[in-house]
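Novice: Sequence first, then the predicted structure:
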Amino acid sequence: MDSPRRIAHLDMDAFFASVELLRYPQLKGLPVVIGGGRRRVDEMIRERWAGRPLSEIPPEAFPRLKDYAGRGVITTATYPARQFGVGSAMGMMKAAKLCPQALVLPVDFDEVRRFSRAFKATIREIAPVVEDRGIDEVYIDFTEVPGGQREGGRVLARLIQKAIFERTALTCSIGVAPNKLIAKMASEFNKPNGISVVHGEDVQRLIWPLPVRKINGIGPKAEAKLHRLGLTAIGDIAAREREWLVGHFGKSNGAWLHDAAWGRDDRPVVTESEPVSMSRETTFERDLHAVRDRAELGAIFTDLCERVAGDLQRKGYVGRTIGIKLRYDDFRIATRDQTLPLYTADARTIRQAAGQCLKRVDLTRRLRLLGVRVGKLARADSAPNQALALSATAPTVAAEPRPATMDLF
DNA sequence: TCTGGGGTCCTAGGACCC
DNA sequence: TCTGGGGTCCTAGGACCC
C-alpha cells in the first residue's frame, strides 16, 4: 500500500540575524536588524576594536537605527526587534521610527551562504528529497523516508531540528502536512523553533480561519481584490463556488484559488532545477540623471555588466537574451531586452547589447536603480553556439534572404 | 514609512510560419 | 478579396516569493 504523502516545509528562524548573533553573542536578547547599508558597518566596528575578540565588543559600540540614514530595507529582524513591529522588507526609515534603539548590522552574504549550505546538507543526510526555496527555506518529502510517517512526521521533524542545531547552533521551524501548500502555512504556526503537524482533516479548523494573504501565491494585489469581493479569510474563498471564482479571477487563477482554499495541492518536491536568468542591479545612493551624471552612471553600468558576466562564467552558463531594468525616481519600472543570435558570457558583448537596450528607454527622468539581466541561459559546456551554427547551416535548410528588419542587429 | 536584490512564472500582442 | 487557426519566438510588464 502506498504511504500517504507527508511533505515538510522548513524555515530557518530569523536566519540572517541568527547567523550574526553567532559572531556577536553579546547581542542576544537585544533588538537587532540586518540590512540596509552598503557601508561595511561590521568592518568599521572591527577596525575600532581591532585585536579584541568580536564577542567582547560591547553592544554600545554598534550603530543604531536612529543613527542610520540610508536607503534600503530590513532583511531580518530578531524577535526582540519584531516586538516593536519591525519586520523584513520594511524600509529603514520606518523601522527607525518604530525602534530607534535597535542595533544595525549589514548582511554578510558569504557567511549566510556558508550556513545555508550547512543546514541543507544536514537535511539531505537524513531525508534526500529536498527542494531549495531560497537561502533559508526548503521543502522536504518525508513520504518515503524511514520513520517519516511516525506521528504524522513529527518524529522526523524533531530529528532534523536537532541535527541542524548540533551542526550550526541555529534553530528552525517545521510544518508537516499532506502537501507543500499546507506545510508552508504550518511551518509558521509555532515559530520560532517549533514543529506543527497538519492532516487533511484539519484544513477546516486550522486553515480556513487564516487571512487569505497566508496562502503562498496571494500577494498584496490579489489580497486587495479578494477584500473588495468581501473575502478576508481562506474559508471565505472555500465557501464560494469554483465557477464564481473562475468568473472573477480567470480560468487558471480562479481554479487555483479554489483548490488552495480547500488545501488541495499536488505539486511534487523538485530536487533539481536549472537557472532561467541571472542579473545584477543596484539602487544608487542618490537618484542619477542620464546626462548630468553620465560618467557615474556609465561606470556603474559597466560594473553591473562585468558582475553578471562574472556570475555566468563562475557558474558555467551562457545566455542569449540581454536586458536592462530601470527604476525611475517615481518608482515606475521600465525593462528592455534583446535576444542575440549567439550565446555569450562576455562582459563586453553584454555591455554592448545592454547599451542598445538603454537607447530604447526614456532617459529624461532621474533614475533610482539600474539593472542588467541575462536570460535564455544554457550550460556553457553544452556548446550551445555550435548547435545554433549547425542548425543554421544544415544542408537541408535553404539559405533564405534575411528580412530587412533583421539588419538592425 | 518613500519602499533592496535576486529570482520565477504568467499574460498578452505582434511577427512569422505552416 | 476576404477569411481561418495553430504554434513558436520575441518583447514588455506585472505579480509574487525569499
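Specialist: Nice, I can see it. Numbering: from 1, shown residues only, chains lettered A, B, ... in the order given.

Novice: residues contacting the residue in chain A that DNA strand B sits nearest to?
Specialist: In chain A, no residue comes nearer to DNA strand B than A:M93, which is 2.6 Å away by C-beta to the nearest atom of the strand. Bear in mind the C-beta positions are built from the backbone N, C-alpha and C, glycine included. By C-beta atoms under 8 Å, 6 or more residues apart in numbering, A:M93 lies in contact with nothing.

Novice: any idea how far it lies from A:G298?
Specialist: Using C-beta to C-beta, to the nearest Å, we find A:M93 at a distance of 30 Å from A:G298.

Novice: now swap in A:A50 and tell me
Specialist: Separation of A:A50 from A:G298 (C-beta to C-beta): 37 Å.

Novice: Neighbour count for these two, which is higher?
Specialist: Applying other C-beta atoms under 10 Å to A:A50 and A:G298 shows that A:G298 carries more neighbours, namely 13 against 7.

Novice: what helix or strand is that one on?
Specialist: Per DSSP states H and E, A:G298 falls inside helix A:294-315.

Novice: what element comes up after that helix heading to the C-terminus?
Specialist: Heading C-terminal from helix A:294-315, the first helix or strand you meet, by DSSP H and E, is strand A:317-328.

Novice: And that following strand, what does it pack against?
Specialist: In this structure, strand A:317-328 makes packing contacts with strand A:277-288, strand A:333-344, helix A:347-358, strand A:367-379, judged by 3 or more C-beta pairs under 8 Å, 6 or more residues apart in numbering; DSSP states H and E.

Novice: out of the ones you listed, nearest to DNA strand C?
Specialist: Among the helices and strands packed on strand A:317-328, strand A:333-344 comes nearest to DNA strand C, with 3.1 Å by C-beta to the nearest atom of the strand.

Novice: Neighbouring strands - and their directions - for that closest one?
Specialist: Counting by DSSP bridges, the strands paired with strand A:333-344 are strand A:317-328 (antiparallel).

Novice: Just want the angle from the partner strand to strand A:367-379.
Specialist: Angle, strand A:317-328 to strand A:367-379, by axes from the mean of the first three to the mean of the last three C-alpha atoms, to 10 degrees: 160 degrees.

Novice: hmm, the helix holding A:G298 touching DNA strand B?
Specialist: Yes - judged by C-beta under 7 Å from any atom of the strand, helix A:294-315 comes into contact with DNA strand B through A:D311.

Novice: Export that helix to CSV, keeping only CA atoms.
Specialist: In CSV, the C-alpha atoms belonging to helix A:294-315 read as follows (Å, rounded to 0.1, in the frame of the first residue of the first chain):
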residue,chain,number,x,y,z
ARG,A,294,26.7,60.3,-17.3
ALA,A,295,30.1,59.3,-16.1
GLU,A,296,29.0,57.9,-12.8
LEU,A,297,26.1,56.0,-14.5
GLY,A,298,28.4,54.7,-17.2
ALA,A,299,30.8,53.3,-14.6
ILE,A,300,28.0,51.6,-12.7
PHE,A,301,26.6,50.2,-15.9
THR,A,302,29.9,48.7,-16.9
ASP,A,303,30.4,47.3,-13.4
LEU,A,304,26.9,45.6,-13.5
CYS,A,305,27.7,44.0,-16.9
GLU,A,306,31.1,42.7,-15.6
ARG,A,307,29.4,41.3,-12.5
VAL,A,308,26.7,39.5,-14.4
ALA,A,309,29.4,38.1,-16.8
GLY,A,310,31.5,37.0,-13.8
ASP,A,311,28.5,35.2,-12.3
LEU,A,312,27.8,33.5,-15.6
GLN,A,313,31.4,32.4,-16.0
ARG,A,314,31.8,31.3,-12.4
LYS,A,315,28.7,29.2,-12.6
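
Novice: contacts for that helix?
Specialist: Helix A:294-315 is contacted from outside by A:275, A:278-282, A:284, A:288, A:290, A:318-319, A:345-348, A:350-351, A:354-355, A:358, A:367, A:370-374, A:377, A:380, using C-beta under 8 Å, 6+ apart.

Novice: From those, list the ones also adjacent to DNA strand B.
Specialist: Answer for those near DNA strand B (C-beta under 7 Å from any atom of the strand): A:275, A:278-282, A:371.

Novice: I'd like the mean pLDDT over stretch A:229-236, please.
Specialist: For stretch A:229-236, the mean pLDDT works out to 98.

Novice: same thing with stretch A:180-196?
Specialist: For stretch A:180-196, mean pLDDT is 98.

Novice: can you check stretch A:10-28 too?
Specialist: Stretch A:10-28 comes out with an average pLDDT of 96.

Novice: And the helices in chain A, which stretches?
Specialist: Along chain A, counting by DSSP state H, helices occupy A:15-23, A:41-48, A:79-82, A:92-98, A:109-126, A:154-168, A:180-186, A:220-228, A:234-238, A:242-249, A:251-261, A:294-315, A:347-358, A:384-393.
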